[in-house]
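>>> Show me how the following folds:
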Amino acid sequence: MLKLGLIAGGGGLPVEIAEHCQRSGRPLFVVRLKGFAGDALAPYAGAEVGIAELGKCIKVLKRAGCQAICLAGNVARPDFASLVPDLRGLTLLPKVIATARKGDDALLRLLVTEFEREGFAVEGAHDVMDDLTLGAGPLGRHVPEDETLADARKALDVARAIGRLDIGQAAVVARGLVLAVEAQEGTDAMLSRVAELPAHLRGKPGGGIGVLAKAPKPIQETRVDLPTIGLATVHGVARAGLAGIVGEAGRLLVLDREETIALADELGVFILGVEPAQGGAGLE
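Model (predicted):
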């Protein structure tokens, strides 16, 4: 069992991974990214590192004896002009800026390559915790009605289309109409926008219509950026008057699984996984 260096941004995913390692006895060291990682990670052995301090990050990981790393959590794209890099970060910064113009996925692949060059094995969150991903079929007691399946198919098609352009990972469709696509604002903010639309377009809480779909980008580095849902997603879907959520089995992370299922059951929201290879199949 390789000692894991968890490079942690914001949100609940890094905390789930840290708790899993603690329960399973896996040796862990947490690199808390300054300004992003939450206080819940403070009790774990680790260090705080600035987002541009690549040299320091590698040094503390090696000093701690880490052999594998996992990058997890939310990190907003920085203002590159305001970064304060260390020497290693400064050396890489021109390449980072040039790569960032190609999109978020290209930037993540660059970072993964840098860690692999240093000899670290790079593990995805779903590699560390094999029960994190959505399985095929319904998760919870609610299932989509027949008329909702067409929206689910289209929403997945739209999510995959914007993914090919490296725009985002999520889309909302109701009665065949695309209500929103995700860009830099993230899924929660997108769902808040949907909630502000006229009620006849999106339904109402408790009697929702329409579907949120999330899918990874086709060229995506899946070890560091699989799409995620959790309690906030279910709340957002319900507030937006949508019927449910669809994602690709094995390619969508479900945080706080038991609590998320219970909340979806309570609010009448379905969560459905379809096999990625099926494309639109499985939603018939």
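
>>> Would you mind listing where the stretch 51-200 of the chain has pLDDT under the threshold?
Where the stretch 51-200 of the chain drops to pLDDT under 70, the residues are 102-104.

>>> Can you name the element that comes right after the top helix by length along the chain?
In the chain, assigned by DSSP state H, the helix with the most residues is helix 146-164. Elements were assigned by DSSP states H and E; along the chain past helix 146-164, the next helix or strand is strand 170-174.

>>> And the helices in the protein?
Counting by DSSP H, the helices of the chain are 13-24, 54-63, 87-100, 104-117, 125-128, 146-164, 187-195, 199-202, 231-239, 257-267.

>>> Export those to CSV and append columns for distance to residue 225 and mean neighbour count.
Quick note: C-beta positions are derived from backbone N, CA and C, even for glycine. Formatted as CSV, the helices of the chain follow (distance: least, C-beta to C-beta, whole Å; neighbours: other C-beta atoms under 10 Å):
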stretch, distance to residue 225, mean neighbour count
helix 13-24, 11, 19
helix 54-63, 18, 19
helix 87-100, 14, 15
helix 104-117, 6, 17
helix 125-128, 10, 20
helix 146-164, 11, 20
helix 187-195, 13, 18
helix 199-202, 28, 14
helix 231-239, 16, 21
helix 257-267, 20, 16
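
>>> Save the ones you listed as a markdown table, and put in distance to residue 36 too.
Shown next, in a markdown table, are those (distance: least, C-beta to C-beta, whole Å):
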| stretch | distance to residue 36 |
| --- | --- |
| helix 13-24 | 9 |
| helix 54-63 | 13 |
| helix 87-100 | 16 |
| helix 104-117 | 14 |
| helix 125-128 | 16 |
| helix 146-164 | 24 |
| helix 187-195 | 16 |
| helix 199-202 | 32 |
| helix 231-239 | 17 |
| helix 257-267 | 22 |
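
>>> quick one: which of the ones you listed is nearest residue 212?
helix 231-239 (5.4 Å; C-beta to C-beta).

>>> quick one, which of the helices of the chain is nearest to residue 224?
Comparing those by C-beta to C-beta, helix 104-117 comes nearest, at 5.1 Å.

>>> CA atoms only: put that closest one into CSV for me.
Extracted in CSV, the C-alpha atoms of helix 104-117 (Å, rounded to 0.1, in the frame of the first residue of the first chain):
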residue,chain,number,x,y,z
ASP,A,104,-8.4,23.3,-18.3
ASP,A,105,-7.8,19.7,-19.4
ALA,A,106,-4.5,20.5,-21.1
LEU,A,107,-3.4,22.3,-17.9
LEU,A,108,-4.3,19.3,-15.7
ARG,A,109,-2.4,17.0,-18.0
LEU,A,110,0.7,19.2,-17.7
LEU,A,111,0.5,19.0,-13.9
VAL,A,112,0.1,15.3,-14.0
THR,A,113,3.1,14.9,-16.3
GLU,A,114,5.3,17.0,-13.9
PHE,A,115,4.4,14.8,-10.9
GLU,A,116,5.0,11.6,-12.9
ARG,A,117,8.4,12.9,-14.0
